[in-house]
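Student: Provided below for reference: sequence and predicted model.
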Amino acid sequence: MQITEQNTRIPAFDLEPDDIIGSPHFRVYNFKGHIPRKELFLPHRKNHYLVAFIRKGGARKWIDLNPYQTYDNSLYFTGPHQVIVKEASNEINSTGIAFTEEFLSFQENAGLGQLPIIRNPYSRHELKLLPEDVVFVEDMLTKINEEYHKGGEWQRRMLSAYLTVLLTYLSRLYNEQFHNEAVTPDKLLLKRFQARINENYREMHEVGDYAAQLHISAGHLSEVVKAHSGKPAIKHIHERITLEARRLLFHTHQSSKEIAYDLGFADASYFNRFFKRETGMTPAAYRSSVREMYH
């Protein structure tokens, strides 16, 4: 895969076109074997979504410092920009479907971006599948694989249709497994606010900046966010900045000063105070403790 971030930053892998359909926005992976050694323990991001069905093969991976153990007949999914680390595994048999944010903007895919498994409001990465779910998923993956290799003028529409059915089914499972709450306009506003933070946290550190983007007052945004999340709006911004700082401290060799500038702080000493206030530790102390914990 091509890397778009290098040097001291965590590398981000683009979706690399294959020799079958050659698309930079959609690809099907069928994998059997062991994870290549060069991919093990390499912190990286993907600039695309990945939905992977694991038929067989236990493995351990980390997504944003959270460990996941893969199991037979289970499904895992990630979105752009999350930090992933793979550890050694047994032999794996899996099928993955990768697609970019651009793919979701195509007219025939316009509704996919609103599905729960894509929006992932609860930041989960694993679905438990019952035997009947496995049968359904396998059937859809077979259809997608057949169409993927068939080609022809109807291929794009057929792939979009099959993917819509699969992701809709998985979104129903997502909702069943992770929440039973009704969606309200205020909750949608909270999710939009969180999405804007994820896009702009490096440049925008104030609630008023996000309120302006959402075309509402800072007071109203703060009231809704506090009511539906239990946390002040500014806390959401600070937590997102802190998460990225933790990622960079753990996965890169960037200095605290470099990380501070990367995250939009003009003053490295202010970043150090900010990080200690949020975590109870200085950046240097956190880097030392977390690497000792995981190595």
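Tutor: Cool, got the structure.

Student: can you tell me the closest non-neighbouring residue to the residue most central in space within the chain?
Tutor: For the chain, the residue nearest the mean C-alpha position is G79 (2.7 Å; Cα atoms, centre = their mean). Distances taken as Cβ to Cβ, 6 or more residues apart in numbering put Y49 closest to G79, at 5.4 Å, once the chain neighbours are dropped. C-beta: built from backbone N, CA, C; applies to glycine.

Student: what residues are up against M281?
Tutor: By Cβ atoms under 8 Å, 6 or more residues apart in numbering, the contact set of M281 is F275, S289.

Student: give me the pLDDT for it.
Tutor: M281 carries a pLDDT score of 92 in this model.

Student: and what about it, helix, strand or coil?
Tutor: coil (DSSP: H, G, I helix; E, B strand; the rest coil).

Student: can you check D19 too?
Tutor: Put simply, D19 is coil when judged by three-state DSSP.

Student: circling back to that earlier point, roughly how far does the residue nearest to G79 sit from H81?
Tutor: According to Cβ to Cβ, to the nearest Å, Y49 and H81 sit 11 Å apart.

Student: out of these two, which sits in the busier spot?
Tutor: Higher neighbour count among Y49 and H81: Y49, with 23 against 15, using other Cβ atoms under 10 Å.

Student: ok, the more buried one touching A98?
Tutor: Yes: with contact defined as Cβ atoms under 8 Å, Y49 and A98 form a contacting pair (6.8 Å).

Student: rewinding a little: my read is that the residue nearest to the centre of the chain contacts N120, right?
Tutor: Yes: judged on Cβ under 8 Å, G79 makes contact with N120 at a distance of 6.1 Å.

Student: what residues sit buried inside the helix or strand where F274 lies?
Tutor: Secondary structure assignment for F274, by DSSP states H and E: helix 268-279. Buried residues in helix 268-279, counted by 16 or more other Cβ atoms under 10 Å: A268, F271, N272, F274, F275, E278.

Student: state the helix or strand in which the residue nearest to L249 when sequence neighbours are not counted lies.
Tutor: Sequence neighbours aside, R287 is the residue nearest to L249 in space, at 4.4 Å (criterion: Cβ to Cβ, 6+ apart). For R287, the element it lies in under DSSP H and E is helix 283-294.

Student: then E138?
Tutor: Here E138, judged by DSSP H and E, is contained in helix 131-150.

Student: before we move on, the earlier item: for the residue nearest to G79, give me its contacts.
Tutor: Contacts here follow Cβ under 8 Å, 6+ apart; on that basis Y49 touches F77, T78, G79, P80, A98, F99, T100, E101, I118.
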